[in-house]
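Colleague: What shape does this take:
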Amino acid sequence: MKHYSLACTLAILVLALGVDSVATTIRVPQDQPTIQAGINAAFNGDTVLVAPGTYYEQINFSGKNIVVESQAGAGVTIIDAGRTTGPVVRFISGEGLQAVLSGFTVQNGSQCCFPYEGGGIEINGASPTITQNVVRKNVCTDSGGGINVYFGAPLISANTVTENNCSNSGNGGGISLDGDESAQVVHNKIEGNISVDGGGLSINGGGSSLIFDNQIVNNSGFIQGGGIYLANDEGVIIVQNLVANNWSLAGTQLYLSTPVN
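Modeller: Numbers count the residues shown, from 1 in each chain. Next comes the predicted model:
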């Protein structure tokens with residue numbers, strides 16, 4: 001009887017561990033026709049592997065800590081929102097660093113109005129990993145033409161963020177960090193973006209965020225901060241970045257507007 005009880009307990013334990021530990025790769029379009037359909041079918045720990053092509057859609061990770069990656073890289077794998085209202089990619093449900101977007105060109109998103117933030121990628125109350133993507137030709141009217149982070153601690157690494165536009169009324173043509181968190185923006189090329197303040201990068205209350213080893217070049221901030229605009233924060237670490245050939249009326253490369261104690 002004791003042997004029977006132990007065997008049952010072990011079987012239940014193995015089954016439970018197996019369900020949680022076996023990751024699945026969902027292939028698009030072989031297994032699911034769209035990237036969003038692949039995300040919908042995935043569970044935490046799964047990978048959605050996307051074949052080369054242009055995918056005309058907008059995607060939402062929906063709180064899932066999964067990897068969405070291209071099979072052959074950003075040069076041949078494009079997510080295109082077609083300037084439909086809203087960002088191309090959204091992380092708005094508490095996703096963690098295990099939620100990964102890797103190897104895509106993310107383009108033609110349009111943030112126009114509430115509830116959207118960010119033209120290309122919206123990160124709101126989440127902390128995903130964004131790596132090895134090209135984020136380009138997205139527009140916004142508020143903040144974050146390429147990538148907008150609002151109260152999140154993402155890892156944004158080894159991306160090219162280029163030709164994004166917040167020139168009507170927004171901040172952070174390339175990337176915008178808003179809220180007291182600890183984002184890591186490292187090893188990126190942020191080039192040729194336009195906004196009112198912070199053509200390349202805008203940081204407003206960025207907590208203990210790290211800005212390290214980025215190329216922030218050839219951006220335009222019409223009023224303040226052609227390269228970087230920093231406001232309302234004293235804890236952000238900005239080190240070993242190349243900030244050059246940017247333009248603005250005030251603070252051509254870097255504009256600081258921090259509170260005085």
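Colleague: So which residues make contact with the longest strand seen in the chain?
Modeller: Determined from DSSP state E, the single longest strand within the chain is strand 165-171. The contact list for strand 165-171 (C-beta atoms under 8 Å, 6 or more residues apart in numbering) reads 119, 138-145, 172-173, 176, 193-198, 202, 204, 222, 229. Every residue, glycine included, has its C-beta placed from N, CA and C.
Colleague: CA atoms of that strand as CSV?
Modeller: What follows is strand 165-171 as a C-alpha-only set of coordinates in CSV (Å, rounded to 0.1, in the frame of the first residue of the first chain):
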residue,chain,number,x,y,z
ASN,A,165,8.5,60.9,-35.8
CYS,A,166,6.8,62.8,-32.9
SER,A,167,7.2,66.2,-34.5
ASN,A,168,3.6,67.4,-34.0
SER,A,169,3.5,67.5,-30.2
GLY,A,170,5.5,64.6,-28.7
ASN,A,171,8.6,63.7,-26.8
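Colleague: so who does Asp180 touch?
Modeller: 151, 205-207.
Colleague: pLDDT weak spots in the chain?
Modeller: Across the chain, the ranges flagged by pLDDT under 70 are 1-21, 114, 258-261.
Colleague: just to revisit the earlier point, any buried residues in the longest strand of the chain, and which?
Modeller: Across strand 165-171, burial judged by 16 or more other C-beta atoms under 10 Å covers 165-167, 170-171.
Colleague: same thing with stretch 50-62?
Modeller: 50, 55, 57-62.
Colleague: So which of the contacts of Asp180 wins on neighbours?
Modeller: Gly206 (29 neighbours; other C-beta atoms under 10 Å).
Colleague: helix/strand/coil for that residue?
Modeller: coil (DSSP: H, G, I helix; E, B strand; the rest coil).
Colleague: now do Gly38
Modeller: Gly38 ends up helix, using three-state DSSP.
Colleague: Just give me the neighbour total for it.
Modeller: Counted with other C-beta under 10 Å, the neighbours of Gly38 add up to 25.
Colleague: Tell me who's in contact with it.
Modeller: 26-28, 31-32, 48, 50, 68.
Colleague: Which ChimeraX command selects the buried ones in those?
Modeller: Buried subset of the contacts of Gly38, written as a ChimeraX selection, criterion 16+ other C-beta under 10 Å:
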select :26,28,32,48,50,68
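Colleague: what's the most distant pair in the contacts of Gly38?
Modeller: Asp31 and Val68 (13.5 Å; C-beta to C-beta).
Colleague: from the buried residues of stretch 50-62, which single one is nearest Ile237?
Modeller: Minimum distance to Ile237 across these is 27.6 Å, recorded for Phe61 (C-beta to C-beta).
Colleague: surely the closest one meets Arg90?
Modeller: Yes - the pair Phe61 / Arg90 is scored as a contact, 7.1 Å apart, by C-beta atoms under 8 Å.
Colleague: Enumerate the beta-bridge partners assigned to Val161.
Modeller: With DSSP bridges as the criterion, Val161 is bridged to Val135, Ile190.
Colleague: Gly86 versus Leu249, what's the distance?
Modeller: As judged by C-beta to C-beta, to the nearest Å, Leu249 and Gly86 stand 31 Å apart.
Colleague: and Val22, how many neighbours does it have?
Modeller: Val22 has 10 nearby residues by other C-beta under 10 Å.
Colleague: give the contact list for it.
Modeller: With C-beta under 8 Å, 6+ apart, Val22 has no contacts at all.
Colleague: cool, Ser127 as well?
Modeller: Ser127 neighbours (C-beta under 8 Å, 6+ apart): 95-97, 152-155, 181.
Colleague: Show me those residues that map onto strands.
Modeller: Leu155.
Colleague: any idea which of the contacts of Ser127 is closest to Cys112?
Modeller: Cys112 lies nearest to Gly152 out of the contacts of Ser127, by C-beta to C-beta, at 21.4 Å.
Colleague: Tell me who's in contact with the closest one.
Modeller: Gly152 neighbours (C-beta under 8 Å, 6+ apart): 91, 123-128, 179, 181, 183.
Colleague: Do you have the helices of the protein handy? List them.
Modeller: 2-21, 35-41 (DSSP state H).
Colleague: Kind regards, and thank you for your time.
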